[in-house]
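>>> Got a predicted structure plus its sequence, pasted below:
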Amino acid sequence: MDPVEALREIAYLMERAGGQTRKATAFRKAADVLTALTPADRAVVDAARSWTSLPGIGESTAKVIAQASDGILPEYLASVRDETASFDSQAGPLLGAIRGELHSHTDASDGYSPLPDMVDAARALGREYLAVTDHSPNLRVARGLDASRLRAQLDDIAALNREVAPFRILTGIEADILDDGALDQEPGLLDALDLVVASVHSKLRMDADAMTSRMVAAIANPRSDILGHVTGRLIAGGRGTRPQSAFDAEVVFEACRHFGKAVEINSRPERLDPPDDLLALASEMGCLFAIDTDAHAPGQLEWTVHGVRKAMAAGIDADRIVNTWPVERLLDWTASHQN
């Protein structure tokens, strides 16, 4: 087995299983270090078995490299394969109908991998498009992108799009919904993006009436397209648990229906948001939906399956899920919000 492939597979499986993302990143970085070596330099280090002399390679990654170089299945890879073997990616025909991902993060904000790695993973899964929706500047803890950094990212996306066509990288942002319902980014810059996910990240315990008004204002904004992780709840994971925000769900979902915005089915295992009762309500009220992984690492792009299962349980038809649409129809839909 090629050591680079072994290191990358370990990272991917860790990410898909959830957790250990920083450790997964260490394996990805070790793979990058090996990739950067010339064949001659790599042979010298291999002969001396001095892998740990290279920056970014520690004892665990060095052992993986040595065993793979000897033609042995690395023990660490075998262990991770066993631990993650229970991951079930089967969710019926609806999973196969998903054409793209509409909520993802890169290392430009709080993601763990660069843009090209996220694109490669989406393409490997058979997706046709990937929306890059890094955080907006108000979310400083997540290194949200100010206008200057976002413009630089748009240039990077344009350049990479020329390389990966016909696959399409969509320009986007996860814009904070501010206290008054405004979206956190320059309005003119939001106008230039393909897609905007609007999410509440602060003051989640706000009074229900105020939170309802805040969310409706963001939904009514012609620059928003998807209402992200609707209740803000956390049900598991390293950050602990958090109850859902209080708001008038009927009013919020009616606003989504009226303005033609999608309710996100957030597929992160620690979110699975909205809860089943609210998802059923949104479905009954005729809302559109987006099944999103909110991926912060390549392996997490497989989390679509969790959202698909929720949509199936709620009886939501594929045509009401906007990321089952061809990219042209999707972009016509987002553009219609500004007309």
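Thanks, I have the structure now.
>>> pLDDT (mean, whole number) over stretch 33-47?
pLDDT averaged over stretch 33-47 equals 94, rounded to a whole number.
>>> Check stretch 285-294 too.
Confidence for stretch 285-294, expressed as mean pLDDT, is 98.
>>> Show me what that stretch is in contact with.
With contact meaning Cβ atoms under 8 Å, 6 or more residues apart in numbering, stretch 285-294 is reached by 98, 101-105, 197, 226, 228-229, 250, 253-254, 256-257, 260-268, 271, 282-283, 300-304, 307-308, 311, 316, 320-323. C-beta here means a position set from N, CA and C on the backbone, and glycine is covered the same way.
>>> residues touching the residue positioned nearest the centre of the chain, list them.
Note on the chain: the residue nearest the mean C-alpha position is Ala295, at 2.3 Å, using Cα atoms, centre = their mean. By Cβ under 8 Å, 6+ apart, the contact set of Ala295 is Glu101, His103, Ser104, His105, Gly111, Met118, Leu301, Trp303.
>>> swap the cut-off to 6 Å and go again
Listed by Cβ atoms under 6 Å, 6 or more residues apart in numbering, the contact partners of Ala295 are Ser104, Leu301.
>>> what bridges to it?
With DSSP bridges as the criterion, Ala295 is bridged to Ser104.
>>> how close does it get to Ser79?
Between Ala295 and Ser79 the distance is 24 Å, computed by Cβ to Cβ, to the nearest Å.
>>> With Gly181 instead?
From Gly181 across to Ser79, the span is 48 Å (Cβ to Cβ).
>>> out of these two, which sits in the more crowded spot?
Gly181 (20 against 11; other Cβ atoms under 10 Å).
>>> The more buried one touches Ile219, doesn't it?
No - contact status for Gly181 versus Ile219: not in contact, 8.6 Å apart, counting by Cβ atoms under 6 Å.
>>> any chance you could map the helices in the stretch 151-300 of the chain?
187-192, 208-220, 249-259, 276-284 (DSSP state H, counting those that start in this stretch).
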